[in-house]
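*Asks:* Output the structure for:
(chains A and B)
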Amino acid sequence: MLLGKTITEIKDLIKTKKMSKEEVFSYFVKRIEKHNPLINAYLTVLKKSENTNIDGLLSGIPLAVKDNFCTKGVRTTASAKVLDNFIPPYESTVTSRLKKAGYSLLGKTNMDAWAHGSSTETSDYGATKNPWDISRSPGGSSGGTAAAVSAYLAPAGIGSETAGSIRQPASWSGVVGLKPTYGRVPRYGVIAMGSSLDCPGPLTLSVEDAAIILQSIAGNDKFDATSASVPTEDYVSKMKEKKTYTIGIAQEYFEGLDEDIKKSLGESIKIFEKMGFKTKKISLLSPQYSISVYTIIQRAEVMSNLARYDGIRYGNPRTFFGSEAKRRGMLGTYTLSYGYYDAFFKKAQKVRTLIINDFKRAFKEVDFIIGTPTPITALKLGEFEKYPFFGELMDKFNEPGAMAGIPGISLPTGLDRNGLPMSIHLMANYFRESDLLNASYQFEQETDFMGVIKKGILNLK
Amino acid sequence: MATKKLSREAVLHLAKLAGLTLTDAEIEKNSVQLSETIDYIKNLDELDTEGIEPTNSVVDLSNVTFEDGEKNERALTSEEAFSNGKNVKDNAFVVGRIMQ
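*Replies:* Coordinates of the predicted model:
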């Protein structure tokens, strides 16, 4: 009865008293008990629901939360053995807002350790398996949340993105993934990776669910000086207004795509045109440069953020760091050192300005830029280890937007020749989440990618 | 591809600065992979950034301060603050001696 139901649909079941909140919660706990040993999406599972009396936007809805969000009294590891036994004494703003909206925490999901990676393979607790094909990666770093939603071990979940960590796993696992504008959703209580880049956001089975979660977690936070004071909007109702937009097509975002993905992207553009959207050819800076800017800035910020782990106030000593954290810390230290700072870090910061200006110019002509979140569909587990910054290469279409801090969404568009999910990617100007959701919702109504997702869920019975 | 790899000494120096301990295999791997990565990121030199201001943050930052007398909701009790410490004595974290 519940299998594959969205947040919107579950809310309806609870409202019409067809199911109680407790029944919904225990349904997911049982499903997790049955399937999690195979998928390894959750590191910590809660057995009891909370917040059952709150009448909010997410009243009685159980959600999966990535393990880098501090949850008071519930172990939070960021999938790193350094934090193996860390019990946060405080709550992140995102989860405390979810609590106010009446959600129930189902469990904490696996990720790349410290969010360093795009496959969950750097997790100190073993990789998560892609529910579509367990020999493959679900993507990452929010791979645990993506797999949990894809296997319906949660109706939706929370992830976080530094550059691609929501959109790429959403794409590889066949779910919707929204990366909001930097600062739209507060970072307070999120274990930091790249402080000028990190963005929390939802992974869901429908565009409406993404809007509901965004509405619950967005908005200025006095505990996060980098959170935006721009007012939030009523994303759910604005999403349903009939609007038409202009979509920008940049050749630079079509290079190196797998054949099936390229074909699916072409078909998606035709669907938008059929819906009355205009398309326009534009030109953007090559994503190749964003790979370098991202690598330099992210690793420098990683090193600064990992400096706090001394094993004295909490957590284990620095000898517990895994290889990937060390690798990133080493480069971050290099590019920030005397003699190299100007050549690398400062140069990257300047190119970051060029990327921002490039998008600002483009968004004077178009409302969205279309592409795909990844050049290929889900890879086999083990492929990532072979290359020093393979994740960065896989996320090359997400990095420019992440460096600029603009929002983007990953929307499923069907299956490739191997039966693996494909997606399209829309980027919008700063704080244009409601337009992004509006166009995505219209696209979802026009197509039937929910049907595709549900087929994947049924794989697991 | 890498023109030259970073020396073992350079890798160990970086590890010391970063407070990291590397195994022999990691030293070798880092010296090769760091050089490869550094070679790649040099592609930024193809772009002219003369007169371009560096970006530190994509949001307009300003200091956020508390009003006088406002309750600090973020404050932890000392019990909470020490709850994750492995070696705590008399409301203090016990650390190793610096001077002998």
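
*Asks:* and A:G401, what is it in contact with?
*Replies:* A:179, A:359, A:407-408, A:427 (C-beta atoms under 8 Å, 6 or more residues apart in numbering or on different chains). Heads up, the C-betas are built off the backbone N, CA and C, glycines and all.

*Asks:* Let's have those residues in CSV, adding distance to chain B.
*Replies:* Formatted as CSV, the contacts of A:G401 follow (distance: C-beta to the nearest C-beta, whole Å):
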residue, distance to chain B
A:K179, 13
A:F359, 10
A:P407, 12
A:G408, 14
A:M427, 14
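
*Asks:* Secondary structure and pLDDT for those residues - can I get that in TSV?
*Replies:* Converted to TSV, those look like this (DSSP: H, G, I helix; E, B strand; the rest coil; pLDDT from 0 to 100):
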residue	secondary structure	pLDDT
A:K179	strand	98
A:F359	helix	98
A:P407	coil	98
A:G408	strand	98
A:M427	strand	98
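
*Asks:* These: which two are farthest apart?
*Replies:* Greatest spatial distance in the contacts of A:G401: A:K179 and A:F359, 14.2 Å, computed using C-beta to C-beta.

*Asks:* Neighbour count for the two, which is higher?
*Replies:* For A:K179 versus A:F359, neighbours defined as other C-beta atoms under 10 Å in any protein chain shown are more numerous around A:K179 (35 against 22).

*Asks:* separation between that one and A:A170?
*Replies:* With distances taken as C-beta to C-beta, to the nearest Å, A:K179 is found 9 Å from A:A170.

*Asks:* Can you show me the strands along the chain?
*Replies:* Going with chain A. Counting by DSSP state E, chain A has strands at residues A:42-45, A:62-66, A:104-109, A:156-161, A:176-179, A:199-204, A:246-250, A:278-282, A:368-371, A:408-415, A:421-428.

*Asks:* oops, chain B please
*Replies:* Using DSSP E, the strands of chain B run over residues B:88-89, B:92-93.

*Asks:* Next one: the first one, is it in contact with chain A?
*Replies:* No - looking at strand B:88-89 against chain A by C-beta under 8 Å from any C-beta of the partner chain, there are no contacts, and the closest approach is 9.4 Å.

*Asks:* Flag the shaky bits of chain B, pLDDT-wise.
*Replies:* Within chain B, the stretches with pLDDT under 70 are B:1-4.

*Asks:* quick check: longest helix of it.
*Replies:* helix B:24-41 (DSSP state H).

*Asks:* Pull out the buried residues from that one.
*Replies:* B:26, B:29-31, B:33-35, B:37-38, B:40-41 (16 or more other C-beta atoms under 10 Å in any protein chain shown).

*Asks:* Who are the packing partners of it?
*Replies:* helix A:287-306, helix A:323-336, helix B:8-18 (3 or more C-beta pairs under 8 Å, 6 or more residues apart in numbering or on different chains; DSSP states H and E).

*Asks:* if you set the cut-off to 6 Å instead, what comes out?
*Replies:* Helix B:24-41 sits against helix A:287-306, helix B:8-18, with contacts defined as 3 or more C-beta pairs under 6 Å, 6 or more residues apart in numbering or on different chains; DSSP states H and E.

*Asks:* pLDDT of the longest one, averaged?
*Replies:* When pLDDT is averaged over helix A:287-306, the result is 95.

*Asks:* how about the residues of chain B that lie near chain A?
*Replies:* B:14, B:17-21, B:30, B:33, B:36-37, B:41, B:43-44, B:47, B:49, B:52-55, B:57-59, B:64, B:76, B:80, B:83-85, B:93, B:95 (C-beta under 6 Å from any C-beta of the partner chain).

*Asks:* now the closest residue to A:Y430 other than its chain neighbours: how far from B:V58?
*Replies:* Counting by C-beta to C-beta, 6 or more residues apart in numbering or on different chains, A:Y430 lies nearest to A:T181, which is 5.2 Å off, once chain neighbours are set aside. Applying C-beta to C-beta, the value for A:T181 to B:V58 is 9 Å.

*Asks:* and those two? which has more neighbours close in?
*Replies:* With neighbours defined as other C-beta under 10 Å, A:T181 and B:V58 compare such that A:T181 has more, 25 against 21.

*Asks:* buried residues in stretch B:52-62?
*Replies:* Buried, per 16+ other C-beta under 10 Å, within stretch B:52-62: B:52, B:55, B:58-59.

*Asks:* end to end, how far does that stretch reach?
*Replies:* Terminal residues of stretch B:52-62 lie 22 Å apart, using C-alpha to C-alpha, to the nearest Å.

*Asks:* who touches it?
*Replies:* By C-beta atoms under 6 Å, 6 or more residues apart in numbering or on different chains, the surrounding residues in contact with stretch B:52-62 are A:182-183, A:196, A:226, A:346, A:349-350, A:352-353, A:405.

*Asks:* out of everything not next to it in sequence, what's closest to A:E91?
*Replies:* A:K72 (4.4 Å).

*Asks:* same deal with A:Y42?
*Replies:* Going by C-beta to C-beta, 6+ apart, A:Y42 has A:G107 as its nearest residue, at 4.2 Å.

*Asks:* what sits against that neighbour?
*Replies:* A:42, A:44-46.

*Asks:* Kindly recompute the last result at 8 Å.
*Replies:* By C-beta under 8 Å, 6+ apart, the contact list for A:G107 reads A:32, A:42-46, A:64-65, A:154.

*Asks:* Great, nothing more from me.
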